[in-house]
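Asker: model this:
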Amino acid sequence: MEEIIKKLYHINQALDKHNETFEKMLEIMGKPENPFAKALTLAGIGVGILGIIQVIDTIVKWFGG
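Answerer: Numbers count the residues shown, from 1 in each chain. Model prediction:
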């Protein structure tokens with residue numbers, strides 16, 4: 001069980017690094033002025049987060065968590 005916790009901790013650290021990189025990219029790119037484009041961007045980010053959560057949940061279920 002400790003091994004699973006360590007692996008999930010490392011996954012969390014990697015996601016934090018990706019989040020920081022993504023935030024830097026958004027700062028460089030600028031925010032869309034169109035409200036529809038902004039809504040699509042937020043929806044895409046939300047779907048991405050839910051996808052990552054689903055993958056983590058599947059991994060935990062594989063190991064009998």
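Asker: packing partners for the strand or helix carrying residue 58?
Answerer: Assessed by DSSP states H and E, residue 58 sits inside helix 35-62. For helix 35-62, the packing partners by 3 or more C-beta pairs under 8 Å, 6 or more residues apart in numbering; DSSP states H and E come out as helix 2-29. For every residue, glycine as well, the C-beta is placed using N, CA and C.
Asker: Mind checking which residue lies nearest the centre of this structure?
Answerer: Nearest to the mean C-alpha position of the chain, counting by C-alpha atoms, centre = their mean, stands residue 49 at 4.3 Å.
Asker: Quick check: it vs residue 18, distance?
Answerer: Residue 49 sits at a distance of 11 Å from residue 18 (criterion: C-beta to C-beta, to the nearest Å).
Asker: Per-residue pLDDT of the residue nearest to the centre of the chain, please?
Answerer: Note on residue 49: pLDDT of 92.
Asker: ok, residues contacting stretch 51-64?
Answerer: 4, 7, 8, 11, 15 (C-beta atoms under 8 Å, 6 or more residues apart in numbering).
Asker: same thing but at 10 Å, please
Answerer: Among residues not part of stretch 51-64, those counted as contacts by C-beta atoms under 10 Å, 6 or more residues apart in numbering are 1, 3, 4, 7, 8, 11, 12, 15, 18, 65.
Asker: where does the closest residue to the fourth one other than its chain neighbours land on pLDDT?
Answerer: By the measure of C-beta to C-beta, 6 or more residues apart in numbering, the closest residue to residue 7 outside its immediate chain neighbours is residue 59, 7.9 Å from it. Residue-level confidence at residue 59 comes out at 89, pLDDT.
Asker: quick one on the thing from earlier: now the helix holding residue 58 against helix 2-29, angle please.
Answerer: Relative orientation of helix 35-62 versus helix 2-29 (axes from the mean of the first three to the mean of the last three C-alpha atoms, to 10 degrees): 170 degrees.
Asker: next one: helix 35-62 to chain centre, how far?
Answerer: The chain centroid and the centroid of helix 35-62 are separated by 7 Å under C-alpha atoms, centre = their mean, to the nearest Å.
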